[in-house]
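> would you be able to build a 3D model of this:
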Amino acid sequence: MKRLLLYIFITLFIGGIPSISVATNNVYPSLVKPPLSPPGFLFPIVWSILFILMGISIYLVRDKKDLRTIYFVQLFINALWTPIFFGLNNYLFALIWLVLLLITVSIMLYKFYKENKTSFYLNIPYLIWLLFALYLNTGIFLLNK
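The predicted structure follows:
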């Protein structure tokens with residue numbers, strides 16, 4: 001149980017620290033957003049849930065070094081998106097970075113599926129949210145040139 005909580009904490013920490021670091025520079029409310037854009041307060045709630053599910057998923061495959069590696073690579077790519085988007089306000093680079101993240105997550109999911117189906121399924125909401133984020137990021141890039 002302690003190891004499970006450790007994996008959840010590490011995932012929340014790595015995923016959440018960049019958000020805290022750019023919180024004072026939150027331009028999101030002033031951006032022109034595409035239809036279906038959720039209110040800003042919803043993002044930390046959704047990400048917290050996703051990070052908990054992700055932490056559980058990596059715990060389930062923790063004994064496989066290659067799976068841990070791809071997991072933490074995608075997590076660091078994820079963590080860097082926030083400073084690119086909110087810190088640099090570079091919506092095109094953030095969009096490209098998000099595509100890189102989606103590719104990395106897809107590779108991770110493929111490997112998780114082969115090893116542990118539960119671990120794979122726990123990450124499906126993450127993939128769906130990233131696809132929605134791709135829609136939002138694309139819309140924000142196009143509407144705020």
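> alpha carbons only for contacts and neighbour counts from here, please
Will do.
> measure how buried residue 73 is and give me the count.
16 (other C-alpha atoms under 10 Å).
> so how far is residue 19 from the one residue sitting closest to the centre of the chain?
Nearest to the mean C-alpha position of the chain, by C-alpha atoms, centre = their mean, lies residue 78 at 4.6 Å. Distance, residue 78 to residue 19, by C-alpha to C-alpha, to the nearest Å: 11 Å.
> please apply the same query to residue 43.
Going from residue 43 to residue 19 by C-alpha to C-alpha gives 10 Å.
> the more surrounded of these two?
Comparing residue 43 with residue 19 by other C-alpha under 10 Å, the one with more neighbours is residue 19, at 19 against 10.
> got the contact list for residue 97?
Neighbouring residues of residue 97 by C-alpha atoms under 8 Å, 6 or more residues apart in numbering: 77, 81.
> what helix or strand is it located in?
Using DSSP states H and E, residue 97 sits in helix 91-115.
> how far out from the middle of the chain is the following helix or strand past that helix?
Reading on from helix 91-115 to the C-terminus, the next helix or strand found by DSSP H and E is helix 117-122. Centroid separation for helix 117-122 versus its chain: 16 Å, with C-alpha atoms, centre = their mean, to the nearest Å.
> over to stretch 34-49?
The answer for stretch 34-49 is 12 Å, by C-alpha atoms, centre = their mean.
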